[in-house]
Each structure stands twice: as structure tokens, then as C-alpha cells.
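# Sequence first, predicted coordinates after that:
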Amino acid sequence: MATENKNLSQYDKNTIPNAKDFRFGIVVSEWNEQVTEGLYNGAVQALTDCGALQENIIRWNVPGSFELIFGAKQMHEKLELDCIIVIGCVIKGETMHFEFVCEGVTQGMKDLNLMYDIPTIFCVLTDNNMQQSIDRSGGKHGNKGVEAAIAAIKMVDLNRKG
Ligand SMILES: Nc1c(NC[C@H](O)[C@H](O)[C@H](O)CO)[nH]c(=O)[nH]c1=O
Ligand SMILES: CC(=O)[C@@H](O)COP(=O)(O)O
């Protein structure tokens, strides 16, 4: 199902575990920060709506989406967390750089999920233009930050029960 057929912000709170003692790290890319701030705000609002405490949400910033890999790795190594969410917005330009950044970040996130015992949640928009990013960070298609937060809570619950 494409995003245009699913609002990214919709969730049934009754089906989401309470996150009151879950600890989250969020690594945020500064590229396209008008978008990444919207994604971050959506994620935090959803986490706290589902019981997470603000003091249990740690934020680190990195310059761009490619640095999300190293930032998340350092978070895994240095903090005691239950889950890490990486937030970025990659928008196609004139060259192939878009493809290489997107592929690199995607592969890096996959590797982190294999390397560590807590999940790394992928909240990186990979869009053709700014309007698509606006639409997915609190616009007409909802907020991918909310979607990532709900996925994070569900994965922490799964990990604790596993
Ligand atoms: N064009 C975008 C970038 N490019 C920068 C890279 O992510 C990286 O910071 C640079 O190559 C240095 O290592 N980053 C985004 O997050 N979004 C873009 O649209
Ligand atoms: C994803 C990017 O790095 C891209 O936005 C950079 O733009 P360009 O390909 O025009 O250099």
C-alpha cells in the first residue's frame, strides 16, 4: 500500500503497549531541518502520547542523513536505551548523490539492526521533491515520525517479550 492510501499518523492507542519505562534515542539529521524537525516533533508527541517520559527521550543531531549511521552506532555504544530512531530527509537533486546517500543510509541501518540487540527504526524520507517531504512530515499524508514512534514502541515490547 502506498503512503497516499494510508495516513502515517493513524494509530489505535488501545493496541499500543504503554511506553512509560522505555528509553529512546533519536538521532536527527540537520539537512532539510524544516522537515526533520516536523518528523521529530511527531515522533516525540506519539511517544509521550503512548506513555513515554520526556526524560527518557535522548536527542542527538548530525549534519546529514549519511551521518545518521555513525550517530546511531555511537548511541548504541554509549547509552543504555531500548530503541533508537533515526530521522532524516533526503531529497533528489540534479545528480546521482541522492541514490548513493539513500542506499548507504538504508544499508547502514540494516547493518545496525544486525549488529546490536536493540532495534534501530528507519525514519528517513527519500523523496523526489520538497512537497512530498512536507506531505509526509505533518502534511496531507500524516507524519512519518509518528509511524516511526509507534514502530519503536512495538519493537521494544517485542524485544522485551522475545
Ligand atoms: N542532499 C542531502 C544530504 N546530503 C548530505 C549527506 O547526507 C552527508 O551529510 C554528506 O554527504 C557528508 O557526508 N543529506 C540529507 O540528509 N538530505 C539531503 O537531501
Ligand atoms: C541527496 C543529495 O545529496 C542531493 O540533494 C544533492 O543535490 P545534487 O544532486 O543536485 O548535488
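Noted; the coordinates are in hand. Numbering: from 1, shown residues only. Ligands and ions are numbered 1, 2, ... in the order given.
# Let's see the pLDDT reported for Ser9.
pLDDT for Ser9: 86.
# actually Thr3, not the one I typed
pLDDT, Thr3: 74.
# what sits against it?
Residues near Thr3 by CB atoms under 8 Å, 6 or more residues apart in numbering: Arg136, His141. Any C-beta I mention is one placed from the backbone N, CA and C, and that applies to glycine too.
# same check, this time on the one 5 residues further on
The contact partners of Leu8, taken as CB under 8 Å, 6+ apart, are Arg136, His141, Gly142, Asn143, Lys144, Val146, Glu147.
# Pull out the buried members of those.
Arg136, His141, Gly142, Asn143, Lys144, Val146, Glu147 (16 or more other CB atoms under 10 Å).
# Narrow those residues to those in helices?
Using DSSP state H, the subset of the buried ones among the contacts of Leu8 located in helices is Lys144, Val146, Glu147.
# Could you dump those into TSV with distance to Asn32 and pLDDT added?
Shown next, in TSV, are those (distance: CB to CB, whole Å; pLDDT from 0 to 100):
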residue	distance to Asn32	pLDDT
Lys144	13	97
Val146	18	98
Glu147	18	97
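# Tabulate the residues you listed (TSV), appending distance to ligand 1.
Below are these laid out as TSV (distance: CB to the nearest ligand atom, whole Å):
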residue	distance to ligand 1
Lys144	14
Val146	20
Glu147	19
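# which stretches of this structure have low pLDDT?
In the predicted model, the chain carries pLDDT under 70 at residues 1.
# Kindly recompute the last result at 90.
In the predicted model, the chain carries pLDDT under 90 at residues 1-9, 162.
# Could you give the number of residues near Gly162?
7 (other CB atoms under 10 Å).
# do Gly93 as well
By other CB under 10 Å, 9 other residues sit near Gly93.
# residues contacting the residue in the chain that ligand 1 sits nearest to?
Nearest residue of the chain to ligand 1: Gly64, at 2.1 Å (CB to the nearest ligand atom). Contact analysis of Gly64 by CB under 8 Å, 6+ apart lists Ser29, Glu30, Trp31, Gly88, Val101.
# What separation do you get for it and Gln45?
As judged by CB to CB, to the nearest Å, Gly64 and Gln45 stand 24 Å apart.
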